[in-house]
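# How does the following fold in three dimensions:
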Amino acid sequence: MYGFTRAFLFGLDAERAHRLGIAGLRFLGRSRSRCEAMRTRALAHATGDLSVELAGLAFAHPVALAAGLDKEAEAVDGLFACGFSAVEIGTLTPRPQPGNPKPRLFRLPEHRAVINRMGFNNHGATAAAERLRARTWKPAPLGVNIGKNKDTPLERAVEDYVACVEQLGALGDYVVVNASSPNTPGLRKLQEPEQLAALLRAVQERLEAVAPGKPLFLKIAPDLTPEAVDEVVDVARACRLAGLIATNTTITRPIEHPLTKEAGGLSGAPVRELSNAVIRRAYQRSGGALPIIGVGGVFTAQDVYEKLRAGATLVQVYTGFIYEGPGMVSRILGELGALLARDGFTSARAAIGVDAAR
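You can find the predicted model right below:
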């Protein structure tokens, strides 16, 4: 059925189609009984033991939704209805901002990819906090992804992240520091060791005051050198982070397409191997001691399986959901158990990091 819906949506401007999709999920979320029934049907496709644990949180299976799709926490219940084991909202900033000028979102169907330069467009942390407080159905963990406003000088970025924690830290099950979007000028400089350590310690301190014990993650870029990945891992461990999310979109263009001249981050299938390489390197650097949420180029059960084997405990999707539709999770769950069983794994947990350990 999604084939007809996708054909309609893909006939529209990408950002307009996105808004229509979110509106549909928001409408779905108004009926808790319908959401519960849909989620039950989606999870029923799972075979074997697909459950995973991360930072003290339990997940029914490894397939979660990445930040970027529901920036405003508008459609959380509708997304949980699709069967995701976790939903991450954002990126949210302290103050509302319109983001970058349009057009700023481009599909590359031939490559199952998207280029975006949205620029953290959102109505601010306060508005999102109100929507989160109004939620009553909480079937699985919710993540809150935070960033800085575009007009905040880099030397004052810490203040924005701390302000977001003040508003949102107690309302999600985990918090994510986004220091890796390519669409906010200078943001990726925050991944440099000295600045990163100062940022993470300040956020961690405030989060501990607002919501003691709440897990804090850092989302990193796929464009880091192996040595830079090592440095980030070392800082994350020194700051006692719950884990890393690897990775964000890439500024590289490993494909040829007329739209690749557009500025912004590339996501989807072309990012898969870049992401997997960062996951493996981070897992190896920490000896498996720093949990990883893998994201980038996930469309199939095989893609999920590869990220588990590379070292990810949880695997997020975004672009794949745009192309594959609401039935994506149930299809993956129906196939992932077979892949694990084929290779002699009795659970998803048993496959984590087996390739990185080689």
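
# tally of neighbours for residue 120?
When neighbours are defined as other CB atoms under 10 Å, residue 120 has 25 of them. (C-beta placed from N, C-alpha, C; glycine too.)

# Kindly report the same for residue 337.
Neighbours around residue 337, by other CB under 10 Å: 20.

# Tell me which residues are up against whichever strand or helix holds it.
Using DSSP states H and E, residue 337 sits in helix 328-342. Residues outside helix 328-342 that contact it (CB atoms under 8 Å, 6 or more residues apart in numbering): 41-48, 50, 61-63, 82-84, 299-302, 304-305, 317, 320-321, 324, 346-348, 350-351.

# got the buried residues for that helix?
Going by neighbour count (16 or more other CB atoms under 10 Å), the buried part of helix 328-342 is 328-333, 335-337, 339-340.

# right, and residue 76 touches residue 82 too?
No - taking contacts as CB atoms under 8 Å, residue 76 lies outside contact range of residue 82: 11.1 Å.

# Dump the buried residues of helix 328-342 into TSV; add distance to residue 72 as well.
What follows is the buried residues of helix 328-342, written out as TSV (distance: CB to CB, whole Å):
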residue	distance to residue 72
328	22
329	22
330	26
331	27
332	26
333	28
335	32
336	30
337	34
339	35
340	36
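
# coming back round to it: sort out for me which of the contacts of helix 328-342 are in strands.
Judged by DSSP state E, these include 63, 317 as members of strands.

# now the contacts of helix 328-342: which count as buried?
42-43, 45-46, 48, 50, 61-63, 82-84, 299-301, 304-305, 317, 320-321, 324, 348, 351.

# Could you check the pLDDT of residue 358?
Note for residue 358: predicted pLDDT of 63.

# shift numbering so it begins at 3
From this message on, residue numbering opens at 3, which makes the last subject residue 360.

# Show me where the stretch 103-252 of the chain dips below the pLDDT cut-off.
Within the stretch 103-252 of the chain, no range satisfies pLDDT under 70.

# Give me the residues contacting the top helix by length along the chain.
Assignment by DSSP state H gives helix 195-212 as the longest helix of the chain. The contact list for helix 195-212, computed with CB under 8 Å, 6+ apart, reads 159-160, 163-164, 167-168, 171-172, 177, 179, 181, 191-192, 216, 218, 220, 233-234, 236-238, 240-243.

# among those residues, which are in strands?
Using DSSP E, the members of the contacts of helix 195-212 that fall in strands are 177, 179, 218, 220.

# got a markdown table for these, with distance to residue 10 too?
Below are the ones in strands among the contacts of helix 195-212 laid out as a markdown table (distance: CB to CB, whole Å):
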| residue | distance to residue 10 |
| --- | --- |
| 177 | 36 |
| 179 | 37 |
| 218 | 40 |
| 220 | 38 |
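
# returning to what we had before: hmm, which of the contacts of helix 195-212 are the buried ones?
Buried among these by 16+ other CB under 10 Å: 159-160, 163-164, 167-168, 171-172, 177, 179, 181, 192, 216, 218, 220, 233-234, 237-238, 241, 243.

# Show me those that map onto helices.
If you go by DSSP H, the buried ones among the contacts of helix 195-212 have 159-160, 163-164, 167-168, 233-234, 237-238 in helices.

# Most widely separated two among those?
Using CB to CB, those reach their maximum pairwise distance at 168 and 233, which is 28.8 Å.

# Helix or strand: which one has the nearest residue to residue 324 once chain neighbours are set aside?
Of all residues not flanking residue 324 in the chain, residue 116 sits nearest, at 6.7 Å (CB to CB, 6 or more residues apart in numbering). Per DSSP H and E: residue 116 is located in strand 115-118.
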